[in-house]
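Novice: what's the 3D shape of this:
(chains A, B, C and D)
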Protein chains: 2
Amino acid sequence: MRSEIIQNPDTPIYPIRTAAKMLGISVYTLRMYERAGLILPFQKESSHRLYSDTDIERLKCIRRAINEEKISIAGIQRIQALIPCWEIVQCSQRDRNQCEAFRNHTQACWTFNHLKNKCKKRNCRSCPVYKEFIDCSKIKNKIIELTEKI
Amino acid sequence: MRSEIIQNPDTPIYPIRTAAKMLGISVYTLRMYERAGLILPFQKESSHRLYSDTDIERLKCIRRAINEEKISIAGIQRIQALIPCWEIVQCSQRDRNQCEAFRNHTQACWTFNHLKNKCKKRNCRSCPVYKEFIDCSKIKNKIIELTEKI
DNA sequence: AATAATTGATATTTATAAATATCAATTATA
DNA sequence: TATAATTGATATTTATAAATATCAATTATT
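Specialist: Predicted coordinates:
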C-alpha cells in the first residue's frame, strides 16, 4: 500500500493467500498451476512464495486460457514448450546438446534444472524467456520475428 | 482390399463409417474433429468424405493428444496455429499481408479460405503444411530447423 | 502468540469438454 | 433398391480436468 507509486511491477510482494484473493481462486489452485510449471513465483529464503503484479497478470492470462479459451493445462504446457528459448538466450550448439529443455516438447524450459548449459547460472524467473511470454498469444509473433531475420 | 500392395497411403479410400470403425469412434466424433479444423478429409464431387491411411494416422495422433496427453481440442487448434506455414510455402511479404491465417493464432492455416494470397490456388489437403504435421510433436523441430538457418 | 505458509499425498466436488445421439429431407453409393 | 452419407442444429450422456479441500507436522510472519 505504502510505496505503490514507486513499486516495480516485478517486485514480489503478495503472499499466496493475497494473490489467490486477487484472482478469485483458491490457494490450492495457485499451487496446482505452479506444480504444472505454468508459473514460477518468487521463493524467499524461507521457502514462502511471493507474487508480483506481473505474476498476477500472468495468472490472469492463464485463467483466461483455461476458462474462456478452453485450453487445458496440458495444452498450455505444450504451447509454452514451443517458445524458442534457444534463440532468446542465444544457446550455442554445445549448450543445446546439453539442454534437456531443448529436446523436450511438453514443458516450458523454465520447468527444468539447467545444470549443464548456459542457463545453469540463470534464475528462470528473471530470464527473458519467462518474462517475455506472460501472454501465450505472443509466441507466434516471436516465431515470425525469428524466421524473418533470414 | 484388392490393390492394397500398390496403394498410396494418401489415396482417399475409406468412407466415414469405415474410418470411424477403424478408429473405434463414432461418425459424429469424426465430424466434430473436422468442424474443429483438426482434419481435412477428401471431399468427392458428391460431397461425400473419404479418408486415406494417412488420414487415419493423423486421427490416431489426435486421439492420443486428446485422450492420453489430455490436450483439449482448443489446445490442439492453438498448437497447430503455430506451424510456421509462411516459411514452408515461402510467403512473400505481400502474401503475408493478405493472409488471414498469418495474422491468426488460434487456428491452423488450412482452416481459412486463402482468397488473396498465394495459397489461393492451393488445395490445403495436398499442401506440405498440412501433410508434414500429421504429428503435432514435430512442430518444435520445424521451428528449430527454421531458426537454425540464420 | 496468533496467524499464515510450507510440504505432499489424497479425496472430493463441480464444471464442462468430449463423445454420442437425435432429427429429417436430400443425395450418393454399391 | 437398400444402404450409407450429406447438412446443421440441438440434445443427451459420460468421462474427466479443474478446482477445492482435506490431513498433520513444521516453519515463518507480523
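Novice: what's the weakest-modelled helix or strand in chain A?
Specialist: In chain A, no helix or strand scores lower on mean pLDDT, DSSP states H and E than strand A:42-43, which sits at a mean of 87.
Novice: Give the next helix or strand downstream of that strand.
Specialist: strand A:49-51 (DSSP states H and E).
Novice: before we move on, back to that, on contacts alone, who are the packing partners of the least confident helix or strand of chain A?
Specialist: Strand A:42-43 is packed against strand A:49-51, with contacts defined by 3 or more CB pairs under 8 Å, 6 or more residues apart in numbering or on different chains; DSSP states H and E. Bear in mind the C-beta positions are built from the backbone N, C-alpha and C, glycine included.
Novice: what's the span of stretch A:75-93, first residue to last?
Specialist: 29 Å (CA to CA, to the nearest Å).
Novice: actually stretch A:87-95, not the one I typed
Specialist: End to end - CA to CA - stretch A:87-95 spans 11 Å.
Novice: Check stretch A:14-28 too.
Specialist: 16 Å.
Novice: List the buried residues in it.
Specialist: In terms of neighbour count (16 or more other CB atoms under 10 Å in any protein chain shown), stretch A:14-28 has its buried residues at A:14, A:16, A:19-20, A:23.
Novice: cool, stretch A:42-49 as well?
Specialist: Within stretch A:42-49, judged by 16+ other CB under 10 Å, the buried ones are A:42, A:49.
Novice: roughly how far is that stretch from the heart of the chain?
Specialist: In terms of CA atoms, centre = their mean, to the nearest Å, the centre of stretch A:42-49 is found 17 Å from the chain centre.
Novice: cool, and stretch A:136-150?
Specialist: With CA atoms, centre = their mean, you get 18 Å for stretch A:136-150.
Novice: A:Ser52 contacts A:Thr18, doesn't it?
Specialist: No - using CB atoms under 8 Å, A:Ser52 makes no contact with A:Thr18, being 11.6 Å away.
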